[in-house]
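**Q** I'd like to go over a predicted model; first the sequence, then the structure.
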Amino acid sequence: MRAVVFAGVGAVEVSSVPDPALIDPTDALVKVHRAAICGTDLHTITHPDGLSRGAVLGHEFTGTVVTVGSAVRTFATGDRVSGADFTACGHCWWCRSGNHWECGQRQFFGTGEAFGPALAGAQAEIVRVPHADVVLHAIADGISDEATLFFGDVLATGYAAVQRCDIRPGDTVAIIGGGPVGQLTSLAAQACSAGPVVLIEPVAERRATAHAHGALAATPEEARPLVDALTDGRGADAVIEAVGGPRGLDAAFGLVRRRGTVVSVGVHQQPTWPLPVAQAFAGELTLRFAIGNAIRDRDRLSGLVASGAIDPTIIIDHRVDLHDAPSAYEAMTSRRTLKAVIEVS
């Protein structure tokens, strides 16, 4: 089969690789219809961690079940499905608590050994899905493949961030970063009863996307004056950092009100960060971190998308066939496109 594979630091290529096969009785094989390129994929190829040359990339996918193992009970050949970006057993204490990310059997599709044992990714004609009954989700009638494509990662991440904020109706929410996660976080906040949503982003085209879909958009320099104007100078009730790294966290602490909440969903690589502890103590601030969990939240996401409250496809601005995937990687790396989708079959 054909697949997008790691070709060396910062590079990908489309190659022929062996077809996957069922290994465990809980596995399924899925013929991939759509796969997406994520910021995590870009980070993976530039900072490979246990990622071997030729490894299949990608973790956002939808498709049709080809075959299932003898222990799979929920799915059958021909079912339309979307996948979570990581696997979990569904039975351990963490899974039963709804914290599937902490499962000891977690594997993350297409990212080498960065988040657990390596697992071949989904930017391919066929993907093997361990723990299929847990990892896969049936696509409801009336919902497109492209809408459910983002249940597995970026929409689940934005929704998890909003839930960690514990926002109340009418709260002012600021979002730092207008990439795919930031854009869908904005939609999730609006759908979950936030008042003004301010998205902060230096790139004009990304600010325009946010504005066109219900947010107030601001450059980093405009952010604090705008938030002050909305809140009589108090600051945002909640700030969601969707960039990663110290600069995003510093910016969040510059926008949040006293007794407010900062939630970070940006990926962090630095081992430490100087927490402004005096401000956090005196202001009684709450700092939380969140990782998207499609396994836990996709039923709610399906309801929000089916109702029209959220349209995750607004972030798609580039579509390519599988053989053109390297050009889409380059476009996303250079920030010429917001979200690229690979039309596999």
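**A** Looks like it arrived, so ask away.
**Q** mind checking the SS state of residue 186?
**A** Under DSSP: H, G, I helix; E, B strand; the rest coil, residue 186 falls in the helix class.
**Q** with residue 30 instead?
**A** Per three-state DSSP, residue 30 ends up strand.
**Q** which residues does it contact?
**A** Listed by Cβ atoms under 8 Å, 6 or more residues apart in numbering, the contact set of residue 30 reads 61, 63, 64, 65, 66, 81, 83, 122, 126, 127, 129, 136. Any C-beta I mention is one placed from the backbone N, CA and C, and that applies to glycine too.
**Q** what about stretch 48-62, how long is it end to end?
**A** End-to-end distance of stretch 48-62 (Cα to Cα, to the nearest Å): 25 Å.
**Q** quick one: buried residues of it?
**A** 48, 51, 55, 56, 57, 58, 59, 60, 61, 62 (16 or more other Cβ atoms under 10 Å).
**Q** neighbours of residue 27, how many?
**A** Neighbour count of residue 27, defined by other Cβ atoms under 10 Å: 21.
**Q** name the nearest residue to it, ignoring sequence neighbours.
**A** Ranked by Cβ to Cβ, 6 or more residues apart in numbering and with sequence neighbours excluded, the top spatial neighbour of residue 27 is residue 69, at 4.6 Å.
**Q** same check, this time on residue 333
**A** residue 42 (5.6 Å).
**Q** hey, what's residue 5 bridged with?
**A** Residue 5 forms beta bridges with residue 13, residue 56, as assigned by DSSP bridges.
**Q** so how many other residues sit close to it?
**A** For residue 5, the tally of surrounding residues (other Cβ under 10 Å) stands at 25.
**Q** which ones are touching it?
**A** By Cβ under 8 Å, 6+ apart, the contact list for residue 5 reads 12, 13, 14, 15, 17, 53, 54, 55, 56, 57.
**Q** wait, which of the residues you listed is closest to residue 160?
**A** Residue 160 lies nearest to residue 57 out of the contacts of residue 5, by Cβ to Cβ, at 23.3 Å.
**Q** mind listing what's buried along stretch 161-168?
**A** In stretch 161-168, counting by 16+ other Cβ under 10 Å, buried: 161, 162, 163, 164, 165, 167.
**Q** with stretch 257-277 instead?
**A** 257, 260, 261, 262, 263, 264, 265, 266, 267, 268.
**Q** I'd say the third one and residue 236 touch.
**A** If I follow you right, that is residue 261. No. Contact between residue 261 and residue 236 fails when scored by Cβ atoms under 8 Å: they sit 9.2 Å apart.
**Q** sorry, back to before: what about the contacts of residue 30, which are in helices?
**A** For these, not one is inside helices, with DSSP state H as the criterion.
**Q** quick one: stretch 7-24 to chain centroid distance?
**A** 22 Å (Cα atoms, centre = their mean, to the nearest Å).
**Q** actually, stretch 230-246.
**A** Worked out by Cα atoms, centre = their mean, stretch 230-246 lies 20 Å from the chain centre.
**Q** next one: stretch 326-343
**A** The answer for stretch 326-343 is 16 Å, by Cα atoms, centre = their mean.
**Q** in it, what's buried?
**A** Result for stretch 326-343 [16+ other Cβ under 10 Å]: buried residues 328, 329, 331, 332, 333, 337, 338, 339, 340, 341, 342.
**Q** so residue 44 touches residue 58, yeah?
**A** No. Look at residue 44 against residue 58 with Cβ under 8 Å: they stay out of range, at 9.6 Å.
**Q** which residues are in contact with each of these two?
**A** residue 110.
**Q** coming back round to it: which one of the buried residues of stretch 257-277 is nearest residue 178?
**A** Once Cβ to Cβ is applied, the member of the buried residues of stretch 257-277 that ends up nearest residue 178 is residue 266, at 12.4 Å.
**Q** give me the number of residues near residue 93?
**A** 10.
**Q** can you give me the distance of it to residue 102?
**A** When distance is defined by Cβ to Cβ, to the nearest Å, residue 93 is 9 Å away from residue 102.
**Q** next: residue 109.
**A** For residue 109, the distance to residue 102 - Cβ to Cβ - is 18 Å.
**Q** same drill for those two, tell me which one is more crowded.
**A** Taking residue 109 and residue 102 together and counting by other Cβ under 10 Å, residue 109 has the greater number of neighbours (30 against 14).
**Q** so what does that one look like in phi/psi?
**A** Note on residue 109: its backbone torsions stand at phi -60, psi 130 [degrees, to the nearest 10].
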